[in-house]
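Trainee: Give me a model of this one.
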Amino acid sequence: MFLNKLARASRILLAGAGAMALTGCLFTPGKFDSQLVLTKGGHFSFSYEGEITTMGLSQMAAMDEPEPFEPACYDEDMELRDCTGEEIQEQQADWEDEQAEDARDKEQFAKMFAGMDPSDPEMAEKLVASLKKMRGWEEVSHRGNGVYDVKFRTDGMLTHSFLFPVLEDMPGMTQFVSVTPRADGSVRVTAPGFGGDQSGMGQSMSMMMAMGAAKNNGGDDTEIVLPDGQFTIRTDGEILTNNTDDGPVTEGTLKVLHWTVDTTSKVAPTALIRL
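Mentor: Numbering: from 1, shown residues only. Okay, here's the model as predicted:
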């Protein structure tokens with residue numbers, strides 16, 4: 001009985017932590033290449049090509065699968081023994097309470113994720129369809145296990161902030177990249193999804209969920225996808241500040257800032273550029 005409760009408590013803790021992380025980090029990057037071009041006059045172009053994962057959400061859905069009731073009792077040496085009728089009734093009542101709590105949690109998850117049910121076997125296809133409806137998503141396909149291969153491209157004038165990615169009816173997401181024009185003509189670029197505190201929980205939680213799923217699947221069926229990519233800014237403007245390791249380099253008429261993004265990225269790429 002004690003072991004059953006301990007396992008239940010661990011599952012609740014992991015699911016709860018995952019819910020908090022995924023409220024802001026529905027998407028996390030896998031292998032990718034992303035580029036932002038900023039030119040005088042306020043024109044920009046942005047691209048992201050590679051992997052995006054919702055692995056944490058997918059594995060939380062797997063954790064949500066109902067488990068059949070199986071009474072288990074142990075002696076003082078923690079060896080399995082036969083349960084008494086009273087113990088079976090008590091464990092049965094606890095199990096029914098857990099199923100009801102899981103159902104409530106599932107409803108809350110659906111509310112947090114724009115009505116998407118993480119246990120819906122068609123969720124991946126629905127997410128693909130939602131992304132393809134929005135401008136810029138040239139290619140979106142679900143590889144499996146919450147991993148998507150995508151190609152996103154857009155360009156325009158920075159008359160207002162640009163955020164990537166954005167999902168309809170999903171407020172409060174942590175964006176991979178945020179580009180904000182200021183009144184003085186400068187542009188602030190931050191990439192919270194590529195490093196720092198905001199990305200750290202999503203990356204760590206995805207890894208934890210993936211490892212848990214791999215264990216449940218025998219360790220052979222689940223692909224663990226972690227951040228591994230390059231983010232580059234090219235501009236003909238004046239770079240006022242940046243946090244690259246090596247500073248800007250010149251390529252033709254443009255200045256170039258470059259960041260390598262992986263699980264060790266502790267600081268979000270940041271730059272301030274006057275156009």
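
Trainee: Report all helices and strands that the lengthiest helix in the chain contacts.
Mentor: The single longest helix within the chain, with elements called by DSSP state H, is helix 85-112. Helices and strands touching helix 85-112, by 3 or more C-beta pairs under 8 Å, 6 or more residues apart in numbering; DSSP states H and E, are helix 2-24. Glycine gets a C-beta too; all of them are placed from N, C-alpha and C.

Trainee: And the helix or strand just after the helix it packs on, what does it pack against?
Mentor: Sequence-wise, the next helix or strand downstream of helix 2-24 (DSSP states H and E) is strand 28-39. Under the contact definition 3+ C-beta pairs under 8 Å, 6+ apart, strand 28-39 sits against strand 43-53, strand 177-181, strand 186-190, helix 197-216, strand 228-235, strand 254-262.

Trainee: buried set for the second one?
Mentor: By that I understand strand 177-181. 177-179, 181 (16 or more other C-beta atoms under 10 Å).

Trainee: Which neighbouring elements make contact with it?
Mentor: Contacts defined by 3+ C-beta pairs under 8 Å, 6+ apart place strand 177-181 against strand 28-39, strand 43-53, strand 162-164, strand 186-190.

Trainee: same thing with the third one?
Mentor: Helices and strands in packing contact with strand 186-190 are listed as strand 28-39, strand 177-181, strand 270-274; criterion 3+ C-beta pairs under 8 Å, 6+ apart.

Trainee: Adding distance to Ile52 and mean pLDDT as columns, could you present these in a markdown table?
Mentor: What follows is the helices and strands packed on strand 186-190, written out as a markdown table (distance: least, C-beta to C-beta, whole Å; pLDDT from 0 to 100):
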| stretch | distance to Ile52 | mean pLDDT |
| --- | --- | --- |
| strand 28-39 | 6 | 96 |
| strand 177-181 | 13 | 97 |
| strand 270-274 | 22 | 98 |
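
Trainee: out of those, deepest packed?
Mentor: strand 28-39 (a mean of 21; mean count of other C-beta atoms under 10 Å).

Trainee: neighbouring strands for it, and are they parallel or not?
Mentor: strand 43-53 (antiparallel), strand 228-235 (parallel) (DSSP bridges).

Trainee: Let me have the ones you listed in CSV, extended by mean pLDDT, distance to Leu167 and mean neighbour count.
Mentor: Converted to CSV, the strands paired with strand 28-39 look like this (pLDDT from 0 to 100; distance: least, C-beta to C-beta, whole Å; neighbours: other C-beta atoms under 10 Å):
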stretch, mean pLDDT, distance to Leu167, mean neighbour count
strand 43-53, 96, 11, 20
strand 228-235, 97, 20, 20
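
Trainee: Give me the buried positions along stretch 148-162.
Mentor: Buried residues in stretch 148-162 (16+ other C-beta under 10 Å): 148, 150, 152, 154, 158, 162.

Trainee: okay, the second one: pLDDT?
Mentor: Translated: Val150. pLDDT recorded at Val150 is 97.
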